[in-house]
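A.B. asks: Show me how the following folds:
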Amino acid sequence: MINAMKYFVSLIVVLSSWSAFANVGFAEGSRYKIAPLDGHLSVSCLENQSRYQFTCRSSSLGPVNRSYFQGPVMTNADTIEIVATGEDGTQVRKVDDYDPILGRSFSRINLGVDLFLDRPLLQLGRNRIDYKLYKRNQLVSHGSLFVDVVRDTRRTCSSQTVVISQARDCQSQFTLCQKFFERNTSCQ
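C.D. replies: As a prediction, this is how the structure comes out:
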């Protein structure tokens, strides 16, 4: 009877450790599509009565641009480091707090939005994702997986005109185009 109980407890421990690592990766999976975006934006400035024309270009990653990284549950980790290596060898590193109870990064990781101070983690093609979990700077778990990003069809947004009151805001093409795509839900 005691041997049967030990076997049962051992089986539960093994199965729970397998399930703790079964869903490691991004919440939306390991296959994404990136769609090139473009559109035309006209800007009218009230302050100095000037007009600007911009051709906006960007890309949108689907199904989401940002995602939680799901790691092992019930590790004693407080920090996660993720390094993505693209097919060309380019690496992007992200570090975030880790919630060991939920078994995921504390915030959504930028996978596909190219921002001034926050590069996207994923690139077109096959991306090797190496992750490390730390507790007070001591490594407690690590692993690797692959995420594929394939090209989707180009999407063109309808042309728009916006009116802006302050002249200093009229010439910021990067910011205006980013807002243009947000308003147009990435041309969907």
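A.B. asks: Who are the contact partners of the residue nearest the centre of the chain?
C.D. replies: Centroid-nearest residue in the chain: residue 111, 2.3 Å away (criterion: CA atoms, centre = their mean). Residues counted as contacts of residue 111 (CB atoms under 8 Å, 6 or more residues apart in numbering) are 26, 32, 61, 64-67, 120-122. All C-beta spots, glycine's among them, are computed from the backbone N, C-alpha and C.
A.B. asks: Going by distance to residue 86, which of those residues wins?
C.D. replies: residue 122 (8.0 Å; CB to CB).
A.B. asks: all helices of this structure, in order?
C.D. replies: Counting by DSSP state H, the chain has helices at residues 2-22, 173-183.
A.B. asks: What values do phi and psi take at the residue lying closest to residue 103 once chain neighbours are set aside?
C.D. replies: Spatial nearest neighbour of residue 103, excluding adjacent residues (CB to CB, 6 or more residues apart in numbering): residue 73 at 3.5 Å. Dihedral angles of residue 73 (phi, psi; degrees, to the nearest 10) stand at phi -80, psi 150.
A.B. asks: Quick check, residue 73 in contact with residue 98.
C.D. replies: No. Residue 73 sits out of contact with residue 98 when judged by CB atoms under 8 Å, with a separation of 11.0 Å.
A.B. asks: between these two, which one's more packed in?
C.D. replies: Set residue 73 next to residue 98 and count neighbours by other CB atoms under 10 Å: residue 98 wins out with 26 against 18.
A.B. asks: Count the residues that sit near residue 127.
C.D. replies: 22.
A.B. asks: do the one 3 residues further on as well
C.D. replies: Here the neighbour count serves as a burial measure; for residue 130 (other CB under 10 Å) it reads 15.
A.B. asks: circling back to that earlier point, so which of the contacts of residue 111 is the closest to residue 141?
C.D. replies: Nearest to residue 141 among the contacts of residue 111, counting by CB to CB, is residue 26 at 16.9 Å.
A.B. asks: My guess is the closest one contacts residue 70. True?
C.D. replies: Yes. Assessed by CB under 8 Å, residue 26 is found in contact with residue 70 at 7.1 Å.
A.B. asks: neighbour count winner among these two?
C.D. replies: Legend: neighbour count by other CB under 10 Å for residue 26 and residue 70, higher for residue 26 (24 against 16).
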